[in-house]
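Asker: Below are the sequence and a predicted model for it; my questions follow.
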Amino acid sequence: MAEHLLEIKDLAVVFHTIAGQVQAVNGVNLHLDKGEVLAILGESGSGKSVTASAVLNLIDMPPGEITAGEIRFKGENLFDMPPARRRDINGKNIAMIFQDPLSYLNPVYRIGWQIEEALKVHGAKEKEARLETLRLLEKVGITEPISAARKYPHQFSGGQRQRVMIAMALALRPDILIADEPTTALDVTVQAQILDLLVNLQKETGMALLIITHDLGVVAEVANRVIVMQNGKVIEAGSVRDIYFKPSHKYTKQLIKAAPGKGKFSLGISSSNPLLSVSKISKNYGVFRALKDISFDLMEGETVAIVGESGSGKSTTAKILLRLENANSGSVFYQNQDILTLSDQDLLKKRRDIQMVFQDPSQSLNPRMTVLQLISEAWVIHPDVLPKNKWLRRVEDLLEQVGLEKEYVRRFPHQLSGGQLQRIAIARALALEPKIIICDEAVSALDVSVQAQVISLLKKLKKDLGLSYIFIAHDLPVVRDFADRVIVMKEGQIIETGLAKDIFLKPQKKYTQELLLASLEPDPDVQLARRNTRKKLLEYKI
Amino acid sequence: MAKSPPTAKDNNTRRFVFNAWLLMLARDRFALFAAIFLLVLVGVALVGSFALEDVATKQNLRGRNAPPFDFNKDWIFWLGGDALGRPLLARIFLASRNTLMIAASAVSFSLIIGCFLGLIAGYTSKFFSHLILRVADVIMSFPSLLLAVIILYMLPPSVINIVVVLAITRIPIYLRTARAEVLEIRERMFIQAATVMGASNKRIIFRHILPIIIPTMVTIATLDFAFVMLAESSLSFLGIGIQPPEITWGLMVAQGRPYLTTAWWLSFWPGLAIILTTLSLNLLSNWLRVVLDPQQRWRMEIGDQKNG
Amino acid sequence: MTNFLIKRAVTSALSLFILVVLVFFLIRLTGDPASLFLPLDASEEAKEKFRDLNGLNDPILHQFFQYFSDLIRLDFGISLRRAEPAIDSVLRGFKWTLQLAAITMSLVASLAIIIGSIAAFRVGGFFDRIVTFFSLIGASAPDFWIAIVAIVVFSVGLGWLPTSGTGTVFHWVLPISVLFIRPFGLILQVVRGSMLNVLSAGYIKTARAKGVKDTAIVFVHGLRNAMLPVITVIGDQAAGILNGAVIVETIFGFPGVGKLMIDSILQRDFAVVLASIIITAVAIFVMNILIDIIYAILDPRIRY
């Protein structure tokens, strides 16, 4: 039998902590051949990153320890190699790119130098290294490579930084490239570009690509085969089409079902009473114009989704609505009053009606407060809403309403999972009985299977309590079956607005179309079609 | 990754946390010894110093400069006797009271004021922030010992003055750190969440920010205690700190200086006391810093250490 | 970059100005500046004459302008003991202290950086434990006690080194050694802590993934990033070395500005005290600006 380029056999990794041993990887088997693209799909805690780190000897040991298994590269067991030889393989034969290029590039050295280093470490001379670096930068799509090479990482955008990382990884034409969630931290349109780049480079060089992701869309876009991991074990493995259309394991089925963007479109709202009227908001940070004359309405009982990439101004809009920032001009009318000009006292009363759920619940909940304290803080600030002796009861009711057991009142945030924490954040937002809840990327930091649960919770609450939502997202699919109307923003302006159905099926503006085409669909056939359309659009553009 | 529903153990969260801390302290043997030593020392200063006060002040000219390790004598003389025949062990006990009290007062004073000013500088308007910082700069720009020396030149060296001077020179340390922490914390999401609910500035500072900066401040205070002790000892050594008949370890070292070649133990034991105390404080502060930093904490949480 | 420098210079000037004002008021805080400047047994007439001569009976604002213009011209008055302008005594002493401080800090910085980095890289190992142990002891030691013990052992007991004064290389050994210990212990700890932080960063993983050797990982990738917080501490310690210098110079009879200050205080030679304060403060402000420049050089995120 021909040997595989890379083969992992029965790998087991444990981490030693004060709570005992944590089995991060428990008997993982996989193989990768030349020219293949293999995806490792898993949620957080599945062990996918640890498995990949083991290949390049990147696990910190202690506290980690490889307790069993072997990793064979071209037949040789990496664990049996002398350290110098193992180190030589890194970069030359196997290379890796990481999720967050900002923290994975050394901030104090020029990027040209960092790429040159990859070459020089494996024997290249100064002059060759420099020329090759320029060539690589051009290859990955960095314009003006000569001046770019002299810049520092912080002077580039997220997408450009990832291109630099790719250039650095490809410098020595490795046999295998491992990409650990390479596009998770990037904007939607940039994500599509980077994935395209990876696929093209892979086809051109014939190298094997091992891509780690939690996103089914990424799998559909780039991979030939996929293995699904959960809790350190391989749940299922096969070709992408087989796994998607004929999943056998319960967990895989669950993941596929939870992928967003398959529900029915909302029919829209018949009400004509604008609850909130945003009129010509502008906001500048020094010279930078974050918002340019933004206007829109929120009807009673409506869910309006604001979708945009980074720099679009969507978060700034939320902050201004909540008076976390002050606008330079414009007004926001609620109940016939401009809430931007309210005095502090009046504002305090109005705050009860407009509340917010933040993106990352592990950050938005004070880690030193119990669930009871977190939710009842609202009533400490607004004592006239509920008398103190009723607090505990009401918190328990709220917990029930968001689907948690009432025993959780005495727990601390670090004892709970991401999904549970976001439910608590929602309960906290409900404590003041608001009419409007602004969700700022409220599901972006959660695992895919949990995202669907939280969104259905939000839907239920809307029906039960008659709420209106402004839901901010960076990606269209997640709002597809949740929003009544969608507003698309870019660079501080509203590009297009309309009913969800219209935006998704009949987008008018080019940017909206680009955004739709850039989003990744888990269904491999659909994704293939979309990719072809995207390519055609790009060619047409050039 | 789903977590399990609450168990009985989790309900006793506070006790569990306390036990975890004790466990971590036990794992670091040095920090454990340091903690025990300091507890004993506090006991000595609070109780022992009073108990032995009479013995420490009774002059006995026959026991002048009595050498140590003479086990025939009373146990109280095992460290030797000073120039007036008073037992050194008792003197050290007695001096511990002043030494610790002065350092503790100065540290408390500067901790509270520095923290308070740092909170203001970090959270309120730019103008106050700048003003407070500039004054802190001025104080910091000057080596604290020198500053203390100069001020004590102009004012009489009473215990109160020394405490005040030492405290003032240390305020900027707490101020700068508190301010830096506040600046970072106020951008965190749960602070924004509190603002959205309508929390006042006062509530945010005292209910949310302050509890978070306290551990860092305590770590700094532990280290600073050592520094202030050394500063007071240096001042007393130079003759501008504590004046007799009050006694601190620093002054004991100074008083023993003329007899260095003949009766080395007069300066040696008090100096050793200073070293052991400051060492314990440093060890404890080190331990605290690691424990409170989630990134480095795992090193302490492992049972057996292996080489990287 | 120049913007940054200008801003720093302005804030330093402001702080210096505040210091000058504070000193002015401190002097008058005692009630009678004349009794500060003149010997304790000076007669009331002499004091009155002094006050007239130095405009101490003039309105406060007037006095302040006089004081300020004197300061600018570096005229601090005449040293009573040395019968020369105070500024001369101070500058002479400053030369010695500067050498002492510079040599000591250079040794401290270079050794602490190297040893601290190695200790952090093999954290928990034997080298690390030994290094941490000794640096903690060093950071805890009262310099005056170490100085006198050192004298007893090395000068009196063994006779290897002189007890005081200057002149030969040997005269520098004990003062530098004693002065070295505490800052070394402290900075070593800081370097180690900072390096530990840095070594867990993402770009270190990237370097490993590229196949970079261990020494390069620590000293090329890690060190420059780890130095950023350390530089600030080195600056603080360099200022603080004047603390130690006071003790060391006094005990070893080293004619630096620290000893000068203590002597002048005990001799009530206030002009010299004043001159020392101001000159020292200026030196420290200049050093802080230098530290900030070094910081900006090391960290391109500040420059661009």
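Answerer: The structure has been received and is ready for your questions.

Asker: Contact residues of the stretch 201-304 of chain C facing chain B?
Answerer: Residues of the stretch 201-304 of chain C lying close to chain B (CB under 8 Å from any CB of the partner chain) are C:236, C:239-243, C:246-247, C:250, C:258, C:261-262, C:265-266, C:273, C:277, C:280-281, C:284-285, C:288. From N, CA and C alone the C-beta is placed, and that goes for glycine too.

Asker: just checking, which of those residues belong to helices?
Answerer: Using DSSP state H, C:236, C:239-243, C:246-247, C:250, C:258, C:261-262, C:265-266, C:273, C:277, C:280-281, C:284-285, C:288 are the members of these that sit in helices.

Asker: Now the buried members of the residues of the stretch 201-304 of chain C next to chain B.
Answerer: When neighbours are counted using 16 or more other CB atoms under 10 Å in any protein chain shown, these contain these buried positions: C:236, C:239-243, C:246-247, C:250, C:258, C:261-262, C:265, C:273, C:277, C:280-281, C:284-285, C:288.

Asker: what sits against C:Asn18?
Answerer: I think there's a mix-up here, since residue C:18 is Ile and not Asn. B:Arg134, B:Val135, B:Val138 (CB atoms under 8 Å, 6 or more residues apart in numbering or on different chains).

Asker: helices and strands of chain B: which one has the lowest mean pLDDT?
Answerer: Of all regular secondary-structure elements in chain B, judged by mean pLDDT, DSSP states H and E, the least confident is helix B:8-11 with a mean of 45.

Asker: Neighbours of the one residue in the stretch 151-300 of chain A that gets nearest to chain C, how many?
Answerer: Of the residues in the stretch 151-300 of chain A, the one nearest chain C is A:Tyr152, at a distance of 4.6 Å by CB to the nearest CB. Residues contacting A:Tyr152 under the criterion other CB atoms under 10 Å in any protein chain shown number 20.

Asker: didn't it look like it was pressed against A:Pro107?
Answerer: Yes. Counting by CB atoms under 8 Å, A:Tyr152 touches A:Pro107, with 6.8 Å between them.

Asker: Pull up the overlap in contacts between those two.
Answerer: Once CB under 8 Å, 6+ apart is applied, the residues that A:Tyr152 and A:Pro107 both contact turn out to be C:Pro300, C:Arg301.

Asker: low-confidence ranges in chain B?
Answerer: By pLDDT under 70, the low-scoring segments of chain B are B:1-17, B:63, B:293-308.

Asker: In it, which residue is most central in space?
Answerer: By CA atoms, centre = their mean, chain B has its centre lying nearest to B:Phe225, at 2.1 Å.

Asker: And the helix or strand harbouring it, what's buried?
Answerer: Using DSSP states H and E, B:Phe225 falls within helix B:210-238. Residues of helix B:210-238 classed as buried: B:210, B:212-213, B:216-217, B:219-238 (neighbour count, 16+ other CB under 10 Å).

Asker: Output those of the residues you listed also counted as contacts of chain A.
Answerer: Restricting these to those adjacent to chain A (criterion: CB under 8 Å from any CB) gives B:Ile212.

Asker: Burial check on B:Leu88, number of neighbours?
Answerer: 25.

Asker: do you know how far C:Trp160 is from B:Ser267?
Answerer: Distance, C:Trp160 to B:Ser267, by CB to CB, to the nearest Å: 21 Å.

Asker: pLDDT below threshold where in the chain?
Answerer: As the question left the chain open, I've gone with chain A. In the predicted model, chain A carries pLDDT under 70 at residues A:1-2, A:18-19, A:538-542.

Asker: try again with chain C
Answerer: Chain C contains residues with pLDDT under 70 at C:1, C:27-37, C:40, C:54-55, C:80, C:304.

Asker: hmm, the lengthiest helix in it in reach of chain A?
Answerer: Among the segments of chain C that qualify as a helix by DSSP H, the longest is helix C:86-121. No. Under the criterion of CB under 8 Å from any CB, helix C:86-121 makes no contact with chain A; the nearest approach is 12.5 Å.

Asker: Which SSE is immediately downstream of that helix?
Answerer: On the C-terminal side of helix C:86-121, the nearest following helix or strand under DSSP H and E is helix C:126-140.
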